[in-house]
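one predicted model, sequence on top.
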Amino acid sequence: MTPQELQALVDYHYWASDRMLAAVEPLSPDQFTRDLGSSFRSVRDTLSHLHGAEWIWLSRFQGTSPASGLPHERFPDLAAVRAEWAGTEAGLRAFVGGLDQTGLERVIEYRVLSGQPGASRTWHLVQHLVNHGTYHRGQVTTMLRQLGAAPPASLDLIAFYRGTGR
């Protein structure tokens, strides 16, 4: 994996996340927080988890291992999710944009939320973050359909490559 290839995956991740958030925008407050019986109850809770996981990984990349995630109640509406996620996105883009080949191979040591130690190569962790986002964007798409809302435009990686000319 090269720095440019990893940057392309991060670009894809935020391209797809932006499309997902645009599809969530028309939801009513009730729809946004309605319990749909998913692994994270609602659209709000799933977005909170998705952003919270990125925040945790960014913190770990910066040398800190948070002991807990962000509470879902911190995000009463989509605007609150967007506001905090924008800062996390900027931090993650800056981190990945500053990596060279040596940085990609560097092993990052951290603690998982249970307190157990973990250690992985940087590029593995960033790939995990992108893959995690793909999984939960799929859940949000299903939730939107359950709510009778329109799903996002294609979130496929190939659609990103074709649409951006990469």
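Yep, that arrived. This structure is a prediction, so every number in the text was calculated from the model and none was measured.

state the number of residues packed around Met88.
Not quite, residue 88 is Thr, not Met. 19 (other Cβ atoms under 10 Å). Every residue, glycine included, has its C-beta placed from N, CA and C.

what secondary structure does it sit in?
Using DSSP: H, G, I helix; E, B strand; the rest coil, the structure places Thr88 in helix.

helix or strand: which one has the nearest residue to Gly133 once chain neighbours are set aside?
Spatially, and ignoring its direct neighbours in sequence, Gly133 is nearest to His13 (5.1 Å; Cβ to Cβ, 6 or more residues apart in numbering). Using DSSP states H and E, His13 sits within helix 3-24.

same thing with Phe95?
Phe95 belongs to helix 78-97, assigned by DSSP H and E.

what's the single longest helix in this protein?
What stands out as the longest helix in the chain, according to DSSP state H, is helix 122-146.

elements contacting the following helix or strand past that helix?
Sequence order places helix 157-164 as the next helix or strand after helix 122-146, per DSSP H and E. Applying 3 or more Cβ pairs under 8 Å, 6 or more residues apart in numbering; DSSP states H and E, we find helix 157-164 packed against helix 3-24.

moving C-terminal of the helix it packs on, what's the next helix or strand?
Counting by DSSP H and E, what follows helix 3-24 is helix 29-33.
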